Each structure stands twice: as structure tokens, then as C-alpha cells.
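Engineer: Predicted coordinates and the sequence they were generated for:
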Amino acid sequence: MCSPQILAAALAEAPPHDDLCGGHGHTAGARHEHGAHANGHGAVPDGHSASAHYRYSAAARREHSAAARREHSTAPHHEHSPAAHHGRGARTPHEHGASATHAPGRGAAATEGIGRRRALRTALGAALGIAGASAAAGAIGAPRAEAQPLNLGGFSVRDLTHAVGPEFPVFNLYVRQPVQRQVMFEEIIGFNTAEWTMNEHTGTHIDVPAHSQRGLAHADAIPVENLVAPLCVVRITERAAQDNTTELHVEDLLDWERRNGRIPDGAFVAMDTGWYHRVHDPAAYLPFDPLRLALLIPGIGPDAAEFLLTERSIVGFGTDSSSLDVGTRFEPMVHRMLLRSGRYGIENLAALDTVPERGATLVVGAAKLRGGFGAPVRALAFV
């Protein structure tokens with residue numbers, strides 16, 4: 001286990017958030033998001049609140065100083081440096097010299113920041129046992145465990161999910177483009193993290209009952225047994241290639257059943273239009289007709305929805321286009337029919353042409369967002 005004294009020392013020497021992230025692509029606007037106006041504090045550098053700027057408590061500093069005094073009392077006197085008497089690591093002449101290369105206006109404060117960051121990395125590395133791990137492994141030649149393939153009993157896994165990034169096509173009238181902002185960096189504190197800003201209905205995502213009507217189930221209340229289901233894929237790719245606004249109809253479902261048998265109870269029905277192949281061309285993925293003020297994308301017809309909801313026992317249905325409803329329908333009729341029945345839908349599915357019409361099992365890894373009207377999903381098919 002790591003020493004409390006080491007952790008206390010690391011925390012006492014840790015720089016504020018802007019010291020960790022400064023100089024790595026943050027703008028004044030990004031810092032302002034966490035700034036004095038947002039938090040109601042004034043005159044704190046870079047917009048951090050007084051509590052955030054001095055978030056390392058006096059107790060932690062006292063523990064750090066106590067650790068240094070204990071170290072001083074037990075170690076031989078000739079091993080002490082002036083820095084040890086002050087409870088912090090001494091700077092080398094090289095570190096002092098490095099301050100001359102910093103931009104004007106930072107001076108000693110910049111050198112102080114470098115020393116604190118190095119102390120933090122060293123202390124945390126020692127505490128967590130990660131400092132020099134790569135070098136040690138190379139020197140000692142520690143054997144690496146071989147990755148063992150998961151035994152799926154003859155099944156393979158297909159990913160039916162789009163990768164989401166800032167470039168993913170969204171209908172800007174309703175949804176903002178995703179934004180990724182890195183806030184921590186491995187070269188400063190040993191690891192990377194980013195903050196994402198995105199609508200819950202971006203990319204491959206689930207629509208839940210509360211999306212259509214308040215008081216119905218949110219994303220965190222979908223029964224887990226409904227998120228694993230037999231997958232039935234109904235293909236209308238040839239028709240969609242000729243007609244952007246084609247719809248899935250009852251006859252398509254009956255044709256599917258003539259080939260595959262009755263849609264099983266508890267199934268999820270997915271409409272394969274081949275639309276996911278267009279995702280790298282936003283104009284083709286979300287073609288907009290300014291004269292009709294409509295998206296020209298395929299959807300599920302109300303007759304097919306009615307059949308699935310009343311004549312069959314399904315957990316939900318979905319599509320590889322960006323809407324359950326055809327883009328020319330101004331009222332989200334199919335959304336309402338499905339979601340107000342307590343079932344869920346999935347939009348922007350991918351790679352439905354890699355799974356058979358019948359026989360696969362869908363696993364919906366939906367983010368459990370409390371109060372969510374939808375959520376990103378990782379949709380997987382076991383074939």
C-alpha cells in the first residue's frame with residue numbers, strides 16, 4: 001500500500017488545475033467556463049474559486065511537514081539538504097536555469113510550477129507504483145501474460161455502433177455538434193482525460209419512453225432484460241437506394257416472416273436501409289430539402305409500427321438512419337406509438353448488413369443516465 005505521507009506530500013505540492021493543463025491547447029474561453037463569474041468568486045487567477053485554488057488543505061500540508069520532520073530526525077545529518085528542512089524537494093541548478101527560457105511575465109512562478117509538477121509526478125508515481133514501470137519491465141524482462149480469447153461457444157460479436165466524434169453528422173436544428181476538450185495530459189500528471197459535450201441523442205443511441213412523454217420511463221429505468229433480445233433484421237436496402245424517403249411497411253414484415261418464421265416474442269426489430277454507409281458524407285447522411293423543410297431519410301411506417309406493437313410482442317425497433325420516422329413526416333407519429341407503449345427505439349445503428357436476418361442476439365449497452373430522455377449505446381450482436 002502507498003504511504004499516507006507520500007500521498008499527503010503529493011497533494012500538498014499539487015498545482016491548481018490550470019497549472020496542470022496550461023499550455024496544452026486551453027484557451028481563455030475554456031478557462032472562463034470554470035471562471036470567477038461562473039462560480040461567483042472574484043480575483044482568483046484563471047477563474048478558479050478560492051476553495052479550488054487552495055484545495056489542498058492545511059491538514060495535508062501539516063502531515064507533509066510532519067513527515068519531513070520525521071525523516072529529518074531519523075536520517076543521518078549529512079544527507080539533509082536545505083530543501084529537506086522545508087519539507088520539499090530541492091531544485092537542481094538545471095531546474096533553476098530552465099526558468100530563463102520561460103516566456104516573459106512568468107519568472108519565478110513558472111519555475112515554481114515546474115518544480116511542483118515534477119514533485120507531483122514523482123510522488124504519485126512512487127505512491128502508486130507506476131514510476132519507471134516501463135523501464136523496469138524492459139530491464140528485468142518481466143514476462144507478459146498472453147491474452148486469452150473469450151470462449152463464446154461458437155458465437156462471434158459484431159459491432160452495430162458508430163464511433164462518435166466532433167464530426168459525426170447531426171441535424172443542427174435540434175442537436176449541437178459533439179465537442180471534445182482534453183483537460184489532463186500524460187506529460188504533466190501521467191494520464192489523459194477529456195470532457196465531452198454532446199446531446200444524448202447523438203450517434204448510435206436509444207430513445208426511451210420519457211423522450212416522447214413526461215412521466216414515462218427514463219434511460220436508467222429500462223428493464224435490463226429488455227436490453228438483451230433476439231435480433232430480427234428486415235432489409236429494404238435496394239428500395240432505399242432508389243428512394244430516400246421510403247418506409248418499412250407491414251408487407252416487408254410479412255415477407256420476412258415467410259422466409260424466417262414468426263418474429264419471436266421479446267425480439268428487437270431493426271430496419272436495414274444501408275444508410276450507415278453514408279455517415280462519412282453529412283450531406284448524404286442527412287440530406288435536407290429546403291423547399292419542403294424536410295430531411296430526405298427513410299423511416300418506419302405507422303402501419304409497420306402498429307403491426308409490431310399490437311400483433312407481435314417486441315421490446316423495441318430501430319433503424320440505421322437517424323430517425324424512426326421518415327424525414328418528411330412533420331409529426332413524430334412512429335416515435336409516439338413506440339415510446340408511449342413503454343418500449344424503446346434505437347437510431348443510427350451501423351453494420352446491420354454484417355448480421356443475418358434471424359438468429360443473432362442483440363445486446364444494448366445503454367448508458368444509465370438518471371433522468372435521461374435517451375442515451376448513447378454500444379450495440380453488439382452475437383451471431
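Structural biologist: Cool, got the structure. Numbering: from 1, shown residues only.

Engineer: switch to C-alpha atoms for all contacts and neighbour counts from now on
Structural biologist: Noted.

Engineer: Now stretch 300-307: average pLDDT?
Structural biologist: The average pLDDT for stretch 300-307 rounds to 98.

Engineer: Next, the contact list for the closest residue to residue 238 other than its chain neighbours, please.
Structural biologist: Leaving aside its chain neighbours, residue 238 sits nearest to residue 273 (7.7 Å; criterion: C-alpha to C-alpha, 6 or more residues apart in numbering). The contact partners of residue 273, taken as C-alpha atoms under 8 Å, 6 or more residues apart in numbering, are 235-238, 240-241, 298, 319-321.

Engineer: Just the buried residues of those.
Structural biologist: Burial by neighbour count, 16 or more other C-alpha atoms under 10 Å: within the contacts of residue 273 this picks out 235-237, 240, 298, 319-321.

Engineer: Beta-bridge partners for residue 235, please?
Structural biologist: Per DSSP bridges, the residues bridged to residue 235 are residue 272.

Engineer: what sits against it?
Structural biologist: 271-273, 357.

Engineer: ditto for residue 177
Structural biologist: Contacts of residue 177 by C-alpha under 8 Å, 6+ apart are 166-170, 198.

Engineer: For residue 320, see how far away it is.
Structural biologist: To residue 320, residue 177 is 19 Å away according to C-alpha to C-alpha, to the nearest Å.

Engineer: In helices, which of the contacts of residue 273 appear?
Structural biologist: Among the contacts of residue 273, the residues falling in helices (DSSP state H) are 237-238, 240-241.

Engineer: mind giving me JSON lines with those residues and columns for distance to residue 343 and pLDDT?
Structural biologist: What follows is these, written out as JSON lines (distance: C-alpha to C-alpha, whole Å; pLDDT from 0 to 100):
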{"residue": "237", "distance to residue 343": "25", "pLDDT": "98"}
{"residue": "238", "distance to residue 343": "28", "pLDDT": "97"}
{"residue": "240", "distance to residue 343": "26", "pLDDT": "98"}
{"residue": "241", "distance to residue 343": "29", "pLDDT": "97"}
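
Engineer: Which segments of the protein make up each domain?
Structural biologist: Residue ranges for the domains of the chain, per automatic domain parsing: 4-16+55-132, 205-382.

Engineer: before we move on, back to that, quick check, nearest of the buried ones among the contacts of residue 273 to residue 353?
Structural biologist: Ranked by distance to residue 353 (C-alpha to C-alpha), these are led by residue 235 at 8.5 Å.

Engineer: can you tell me which of the domains of the chain the model trusts least?
Structural biologist: Here those differ in mean pLDDT, and the lowest is domain 4-16+55-132 at a mean of 45.

Engineer: List the residues that contact residue 272.
Structural biologist: By C-alpha under 8 Å, 6+ apart, the neighbours of residue 272 are 233-237, 319-320, 352-353.

Engineer: Can you name the element that comes right after whichever strand or helix holds residue 316?
Structural biologist: If you go by DSSP states H and E, residue 316 is part of strand 314-319. Using DSSP H and E, the helix or strand that follows strand 314-319 in sequence is helix 333-339.
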